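Enquirer: Structure, please.
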Amino acid sequence: MAIFDKTMKPLFNRILEAKNFVAKLPGLFFVHLWIYAFVWFSINIIGLSFSRIACFSSIGPSKLFTIYFSFNASIFIGALIHSNITRRFPIKYVLSTCILLISLCFCLLPHTVGMVLCTSVFVIMGASLGACLSAVTVSFTVIFRQTSYLLVQLFHLVGSIGTVNAVILYQDASSSHQDDCQLMISPILHGGPRIPSLEKFYLNPSIHQHYMYYAIAALQIPIIVTIIRLDFTPLLRNWISIRRTPAEATPENCQSLTQQSDVNALKLVLLCSVVACIVNIIHALFPFLILAQPNGTILHFQFFAISFMWGRLMAVFCSDYMAPYFLLGCSIFGCGVGCCMTSAEDLLPFGSVILGFFLSLALPALVSYINQGLSLKSSNTMLLMSGHCSGYVLSPLLLTLTSSSNSRLFIGLNFLAIISMVVILVSILSIHAQIERVQASQSGLNLFVSRFLSGESLLKRTRSIRPLISRLRPNSYRRFANRRGLRTPSPMPNSPSPRVRSPSPRPRTPSLTARHAVTEVTVPIDVLNQISQNDKKLLTPTRV
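Expert: A predicted model of the protein is given here:
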């Protein structure tokens, strides 16, 4: 019972703290959650809606692949240009305009039959989704910056709920439907690139797609009005510098910053962006990878999406007990296990659940690491989200490999992506350790490589790697515990303060004219023993 109270009481305190923090800006909090869920709902439902276009339109498979690539590329372009747009226009007008364009595209989707019109609608919609995704993430990290990670994890949890709502609208197609779909597809351009296995799932027939798109667009009207009426003045700040100002920095990072440390911080942001790109590629290609296998169904992707949501729910309660890089390491390890299980057809449902659960931890951990772990400005979140959205550009290029004949090759690419994330994680930990040492003479990566590949003894190599491994242990996360106010107990025992006794006034003599008055200090014996032991520890070489 004591262990339960010790564990749950800090959690309840953080929930109460977050509740009081949100109570100051309830309108902004609700709007950000709604927009984030709406963006992820739209991205997933549009990505799966190409199954209907393939079966019930005159667009060939090759042209349909071009439309799909244009939609994904426009998401990246929208996230990339979002920073220039928000510097020229208020953030609330940027968000309201993007949502308005997305709603208009939803209304036009049932009437898009030609190649040019369909491409134009999807490009406008993708650019609006990318700009809205990057803008709402950056604005949330600025306005709702808090000492704990609970609000950031809750923000991403709501996005995963939007993904689940989009996925559950689809179901497996019957064999007759697949045959009809194959007959409707134009056989003229079968030789070009295509999106495989689209005929294996379709929207639930009880849902009228036209009315659903109109209802989605109508629900955004009150949100647009609410956004225009809200005040986003906390976002009006300088986003150009890499690090926060000293007034914005957290207490554990209030140290003198050098130019080299800023360069290392920029390297960390770029490495985190690469990891976010790889994570997005795995997430975007997973439904087509599953459906490319003979026994794969849309039910496996629904398992993946639901476990994705449960993983972020778990992160809400565990994020403050673990460092962001520890969560990232757990995510990479779990993704490796999930990929191993998805390679076996009998373990496909379990692999889908495990892969979705651990993959959900990556993006929130990276956002928390950039904004709170490194104490960087929130404008660096824009770089992270741009790197994340760049995965949409690369995923269609790899999509041509996901066919029933060479799906094993695509599983091998997943393993290659996970190995790349492991190497990048080691580089992130190395550069982060270099920033903490504040050694501006040489790069942290070069320092790590020189120590590892030098002709020194194995003991020194172990000492250089051991700090990186120790960072992945949750119990070594004291600096983040100090940030939450849970100060770790001091190793020094509580000893009585030394007694200071001033001598009685004496007549000034010539020998004391050039010196200060002499004072006598009486210190207890146990304090002297403790000081001597600490001096011996400082002189003794320690193993890191």
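Enquirer: Next one: residue 155 relative to residue 264, how far apart?
Expert: For residue 155, the distance to residue 264 equals 28 Å [C-beta to C-beta, to the nearest Å]. Bear in mind the C-beta positions are built from the backbone N, C-alpha and C, glycine included.
Enquirer: Against which helices or strands is the top helix by length along the chain packed?
Expert: When the chain is parsed with DSSP state H, its longest helix is helix 259-292. On a contact count with 3 or more C-beta pairs under 8 Å, 6 or more residues apart in numbering; DSSP states H and E, helix 259-292 meets helix 26-48, helix 298-318, helix 324-342, helix 348-359, helix 362-368, helix 379-389, helix 391-399, helix 407-437.
Enquirer: Name the residues of the fourth one that come out as buried.
Expert: By neighbour count with 16 or more other C-beta atoms under 10 Å, helix 348-359 contains the buried residues 348, 349, 351, 352, 353, 354, 355, 356, 357, 358, 359.
Enquirer: Quick check: chain neighbours aside, which residue is closest to the last one?
Expert: In this case it means residue 359. In space, and not counting its chain neighbours, residue 359 is closest to residue 335: 5.6 Å by C-beta to C-beta, 6 or more residues apart in numbering.
Enquirer: just to revisit the earlier point, could you dump the helices and strands packed on helix 259-292 into TSV and include distance to residue 211 and mean pLDDT?
Expert: TSV is the format used below for those (distance: least, C-beta to C-beta, whole Å; pLDDT from 0 to 100):
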stretch	distance to residue 211	mean pLDDT
helix 26-48	14	91
helix 298-318	22	89
helix 324-342	36	88
helix 348-359	30	90
helix 362-368	33	89
helix 379-389	30	85
helix 391-399	28	84
helix 407-437	36	82
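Enquirer: ranking these by burial, who's on top?
Expert: Of the helices and strands packed on helix 259-292, the one with the most neighbours on average (mean count of other C-beta atoms under 10 Å) is helix 362-368, at a mean of 27.
Enquirer: Send over that one as CSV, restricted to the C-alpha atoms.
Expert: C-alpha atoms of helix 362-368 as CSV (Å, rounded to 0.1, in the frame of the first residue of the first chain):
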residue,chain,number,x,y,z
ALA,A,362,8.4,7.8,-30.6
LEU,A,363,6.9,11.1,-31.8
PRO,A,364,5.7,12.4,-28.4
ALA,A,365,9.1,11.5,-26.9
LEU,A,366,10.9,13.5,-29.6
VAL,A,367,8.7,16.5,-29.1
SER,A,368,9.2,16.4,-25.3
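Enquirer: Name the residues that touch it?
Expert: Helix 362-368 has contacts (C-beta atoms under 8 Å, 6 or more residues apart in numbering) with 137, 141, 149, 152-153, 155-156, 272, 275-276, 279, 312, 315, 319, 324-325, 327-328, 331-332, 381, 384, 388.
Enquirer: same thing but 7 Å
Expert: Residues from elsewhere that reach helix 362-368 (C-beta atoms under 7 Å, 6 or more residues apart in numbering): 141, 149, 152-153, 156, 272, 275-276, 279, 312, 315, 319, 324, 327-328, 331, 381, 384, 388.
Enquirer: Can I get the helices and strands packed on helix 259-292 in CSV including distance to residue 222?
Expert: Formatted as CSV, those follow (distance: least, C-beta to C-beta, whole Å):
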stretch, distance to residue 222
helix 26-48, 10
helix 298-318, 26
helix 324-342, 35
helix 348-359, 32
helix 362-368, 28
helix 379-389, 26
helix 391-399, 29
helix 407-437, 41
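Enquirer: closest one to residue 221 among these?
Expert: Closest approach to residue 221 among the helices and strands packed on helix 259-292 (C-beta to C-beta): helix 26-48, 12.5 Å.
Enquirer: Can you read off the pLDDT for residue 70?
Expert: Looking at residue 70, its pLDDT is 90.
Enquirer: so who does it touch?
Expert: The neighbourhood of residue 70, defined by C-beta under 7 Å, 6+ apart, consists of 119, 122, 123.
Enquirer: from those residues, which single one is nearest residue 201?
Expert: Nearest member of the contacts of residue 70 to residue 201, counting by C-beta to C-beta, is residue 122, at 19.5 Å.
Enquirer: Which helix or strand contains that closest one?
Expert: Under the criterion of DSSP states H and E, residue 122 resides in helix 115-143.
Enquirer: Can you check what angle separates that helix from helix 391-399?
Expert: Here the directions of helix 115-143 and helix 391-399 differ by 130 degrees (axes from the mean of the first three to the mean of the last three C-alpha atoms, to 10 degrees).
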